[in-house]
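Q: Structure for the following, please:
(chains A and B)
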Number of protein chains: 2
Amino acid sequence: MRAEIITIGDELLIGQVVDTNSAWMAEKLNENGIELFQITSVHDDREHIVAALNEAFNRADIVLTTGGLGPTKDDITKHVLCDYFGTHLIEDASVRAHIEDLYKDRPDVLNRLTATQWLVPECATILENRVGSAPLMVFHKDDKLLACMPGVPYEMKIAMEEQILPYIVSTLLRNSASTKITHKTLQVTGIPESALAILLEDFENAMPAGLHLAYLPKDGVIRLRLSSYGELTEAEMETYFDQLKTLTRDYMIADTGDPLEVIIGNILKSRHQTIATAESCTGGSLASLLAKHPGSSAFYFGSVVSYDNSVKEHLLGVPSEMIKAHGVVSEGVVCEMANSIRAQIGTDYAIATSGIAGPTGGTPEKPVGTVWIAWATPSGTTAECFHLGKLREQVIARTCQKALVGLLKRL
Amino acid sequence: MRAEIITIGDELLIGQVVDTNSAWMAEKLNENGIELFQITSVHDDREHIVAALNEAFNRADIVLTTGGLGPTKDDITKHVLCDYFGTHLIEDASVRAHIEDLYKDRPDVLNRLTATQWLVPECATILENRVGSAPLMVFHKDDKLLACMPGVPYEMKIAMEEQILPYIVSTLLRNSASTKITHKTLQVTGIPESALAILLEDFENAMPAGLHLAYLPKDGVIRLRLSSYGELTEAEMETYFDQLKTLTRDYMIADTGDPLEVIIGNILKSRHQTIATAESCTGGSLASLLAKHPGSSAFYFGSVVSYDNSVKEHLLGVPSEMIKAHGVVSEGVVCEMANSIRAQIGTDYAIATSGIAGPTGGTPEKPVGTVWIAWATPSGTTAECFHLGKLREQVIARTCQKALVGLLKRL
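A: Take a look at the predicted model:
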């Protein structure tokens, strides 16, 4: 079973919005044994939407669209679909009741434009959008299916999980031979991508047809992904994945594709241990990674973001003479930061970062990209110096990954 | 002049990677008067890449691809392009010299797979990839152009700015009548999207053909964008934008589309004022927003991320009796947090957040999504309570926006 996504909206094509929906949808489709063949982003334009629909239906069994379902004039998806399927808009009583209930305390929202939201194409199957006013619409075309969702990410996610995917599974997948799509990912660090590929050359050459290996380098960590689209049994996949683990054992830091902060969180939670951070150049990014996932308050206690030196001195107790003598980007300062936050908050572990993210602030001795990271653990504090590139966002992202890799090795 | 982007890589279609490149590229294309018509994401698959190229060339003058240029076996873009243009790979001496120089201190990288990176299609124009090993390739097809870049975001960005865009401007745009694409954006808050559309109904109905108005709601702020693709003069655009500003004056918080933290940073820098944050539920996200942009150290001093209550007590001095009496998500606690961080760091302003991001932790009185935000300013400290939805990531993102909006109003 093959799907395509069409994302509709000028905002995607002028760069005002990053499409985060498609990656999330792709993962959910794969989990349900549906291959995502293509993602296409088109303008809020009648001809463009129709052309994309026709092309997608030529290639795929399931077409999912996001966007263009708001009550304002620039959103035209619903009207285009009426023409496309030769139908017209009718009032849907249950959508109306839902919207009136949703905004019962918001008379300013219950206006005549919002009222257009309960008009739906007559031939569409309407599913409930629990958290918004745009009804979810499903259209059947021969033995194929089109499902339309809002582009607002959290509305789309609830729509997909609670309505669209169960509907697809119960209608289209029920009678089809189901495909087991399997991805297995491990993560390595400390080896260049090309050297890793040479290490794995014999393995790759001996792989059976139907097994795919992909290299995904990002911020100093390479994710290695084995994929099978129904061709291999689970046991066969397991065997190949074990071989891959053995071959990469000197570099492997994780045998799942989960973000490192999730892997760390799981280890700390299982041991009832805790961590805190003291951040300079990462400016809160490390904290937001560690605090991002549900349940993180069980192991993550907090951070001092000491962006200005005064904060390093007053809240972390770093002696100003130490800063004067060695600079803020130095082994002594970063160790002091880690020890101080660990002692003050009373956690088992602490990480501290201090570096020059750029674009300014570099010197010949400490160019942009120079970063010190310290890890304070129950068995002592150690620090390492890294050179992480020239671009601010890259330096920040790589520092976070190095900090997490270093912690993982010390757990 | 019309362009399309083709992003190549299985990782995009199984949801392992979010495509952040396209939005960035779209913005750059628009700045250069090039309309981006469509974005298409395809697999690392020969037939799929060829089909996408053919379709894109049918619609556009410029086709940009990202991805599939690594030295590993899963990356096939270069080989597909050789077949597509009926050419073959030859060694490029200057690419070889560049790669040998790039990795002169890394003998582990200079292996036989990396050596395949200096093989390039004979008919391609090769541009330098200053920061990576994959050469940038440009192909001419009749009067159209194909440019191929790596998918790694920072390599792509440097390639686009330093090589690809200047090349396009000097070859294709030199002789064509240039189009002035103009977008003007303002931001409003405190009015529902549908009510805003009713407020602007007469304005929209009176707009000339060629002027487009788009509504982009996100995290409680609506960006209103006026666009013209060469049809209107700059003065005409200015007139319509002024009308829009007048009509939305009661809700407008900014007359640019810049992120709020950038607008705030510019104001603070111009006044030589500073800010710090104390974050509970936002867990460092607010800090990372304020610290994200170059030059932020001039106004942003730091944060205490008090994810655990012990941090609120020990580092922010919030009395444990206050927490016991009112809970951490309360007006008193959040004001105390803001006052404490402002006093300790000595900044002009401080923001504090405390809320229940979920999925657990809600109570009937304080359900998930309940958030208190306090703003400490030279003229006093005030706080507001918000209800920001049910989904963790949404609560965190909306809290950050509310915090910034509230600050902007108090500056």
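Q: going forward, measure contacts between C-alpha atoms and count neighbours the same way
A: Will do.
Q: Could you see whether chain B lies near the helix or strand containing A:Leu404?
A: Assignment of secondary structure by DSSP states H and E places A:Leu404 within helix A:392-410. Yes - using CA under 8 Å from any CA of the partner chain as the criterion, contacts between helix A:392-410 and chain B involve A:Arg392, A:Glu393, A:Gln394.
Q: In terms of pLDDT, where does the second one sit?
A: Same thing as A:Glu393. At A:Glu393, the model reports a pLDDT of 85.
Q: burial measure for it, as a count.
A: 18 (other CA atoms under 10 Å in any protein chain shown).
Q: cool, the first one as well?
A: By the criterion of other CA under 10 Å, A:Arg392 has 23 neighbours.
Q: Just the pLDDT for the nearest residue to it once chain neighbours are set aside.
A: Leaving aside its sequence neighbours, A:Arg392 sits nearest to A:Ala357 (CA to CA, 6 or more residues apart in numbering or on different chains; 4.8 Å). Among the per-residue scores, A:Ala357 shows a pLDDT of 93.
Q: One more: A:Lys218?
A: So A:Lys218 comes in at 85 (pLDDT).
Q: which SSE is A:Ala23 in?
A: Per DSSP H and E: A:Ala23 is located in helix A:21-31.
Q: touching chain B at all, that helix?
A: Yes - Helix A:21-31 comes into contact with chain B (CA under 8 Å from any CA), by way of A:Ser22, A:Ala23, A:Trp24, A:Met25, A:Ala26, A:Glu27, A:Asn30.
Q: give the contact list for the first one.
A: To tie it back to what came earlier, the one meant is A:Ser22. A:Ser22 makes contact with A:Ile5, A:Ile39, B:Gly15, B:Val18 under the criterion CA atoms under 8 Å, 6 or more residues apart in numbering or on different chains.
Q: and the last one, what is it in contact with?
A: With contacts defined as CA under 8 Å, 6+ apart, the neighbours of B:Val18 are A:Asp19, A:Thr20, A:Ser22, A:Ala23, B:Leu12.
Q: For the second one, which residues are in contact?
A: With contacts taken as CA under 8 Å, 6+ apart, A:Thr20 has the following neighbours: A:Pro153, B:Val18, B:Asp19.
Q: Need phi/psi at it.
A: Recorded main-chain torsions at A:Thr20 are phi -90, psi -10, according to degrees, to the nearest 10.
Q: which residue ranges form the strands in the stretch 301-411 of chain A?
A: A:349-355, A:370-377, A:380-387 (DSSP state E, counting those that start in this stretch).
Q: quick one: the last one to strand A:349-355, angle?
A: This points to strand A:380-387. 30 degrees (axes from the mean of the first three to the mean of the last three CA atoms, to 10 degrees).
Q: buried stuff in the helix or strand hosting A:Ile90?
A: Using DSSP H and E, A:Ile90 sits in strand A:89-91. Buried residues in strand A:89-91, defined by neighbour count with 16 or more other CA atoms under 10 Å in any protein chain shown: A:Leu89.
Q: And stretch A:384-399, by the same measure?
A: Across stretch A:384-399, burial judged by 16+ other CA under 10 Å covers A:384, A:387-390, A:392-399.
Q: tell me which parts of the stretch 101-250 of chain A are close to chain B?
A: So far as CA under 8 Å from any CA goes, the stretch 101-250 of chain A lies against chain B at A:108-109, A:111, A:113-114, A:152, A:154, A:192-195, A:197-198, A:213-216, A:218.
Q: Narrow the residues you listed to those in helices?
A: In helices, judged by DSSP state H, the following of those are found: A:Leu113, A:Thr114, A:Tyr154, A:Glu193, A:Ser194, A:Ala195, A:Ala197, A:Ile198.
Q: what's the lowest-pLDDT member of these?
A: Of all these, A:Tyr154 has the smallest pLDDT value, namely 86.
Q: quick one: contacts for that one?
A: Contact partners of A:Tyr154, counting by CA under 8 Å, 6+ apart, are B:Leu391, B:Gln394.
Q: same thing with A:Gln401?
A: So A:Gln401 contacts A:Asp219, A:Gly220, A:Val221, A:Leu260 (CA under 8 Å, 6+ apart).
Q: where does chain A dip in pLDDT?
A: By pLDDT under 70, the low-scoring segments of chain A are A:175-178.
Q: Domain-wise, how is it divided?
A: A:2-173, A:181-254, A:260-410 (automatic domain parsing).
Q: Centre of the chain to the longest one, how far?
A: Here domain A:2-173 is found 21 Å from its chain centre; the criterion is CA atoms, centre = their mean, to the nearest Å.
Q: How many residues are close by A:His272?
A: So A:His272, with other CA under 10 Å, has 11 neighbours.
Q: With the one 10 residues further on instead?
A: Taking other CA under 10 Å as the criterion, the count of residues near A:Thr282 is 31.
Q: isn't it right next to A:Ala352, touching?
A: No - between A:Thr282 and A:Ala352 there is no contact under CA atoms under 8 Å: 9.4 Å.
Q: Return the member of the contacts of A:Gln401 nearest to B:Glu234.
A: Nearest to B:Glu234 among those is A:Asp219, at 41.8 Å by CA to CA.
Q: ok, and the closest non-adjacent residue to that closest one?
A: In space, and not counting its chain neighbours, A:Asp219 is closest to A:Arg398: 4.7 Å by CA to CA, 6+ apart.
Q: show me what contacts the one you found?
A: A:Arg398 makes contact with A:Asp219, A:Gly220, A:Leu388 under the criterion CA under 8 Å, 6+ apart.
Q: List the contacts of the helix or strand encompassing A:Glu11.
A: In the assignment (DSSP H and E), A:Glu11 maps to helix A:10-13. Residues outside helix A:10-13 that contact it (CA under 8 Å, 6+ apart): A:17-19, A:41-44, B:23, B:26, B:36-39, B:216.
Q: now with 6 Å?
A: Helix A:10-13 has contacts (CA atoms under 6 Å, 6 or more residues apart in numbering or on different chains) with A:Val17, A:His43, A:Asp44, B:Ala26, B:Leu36.
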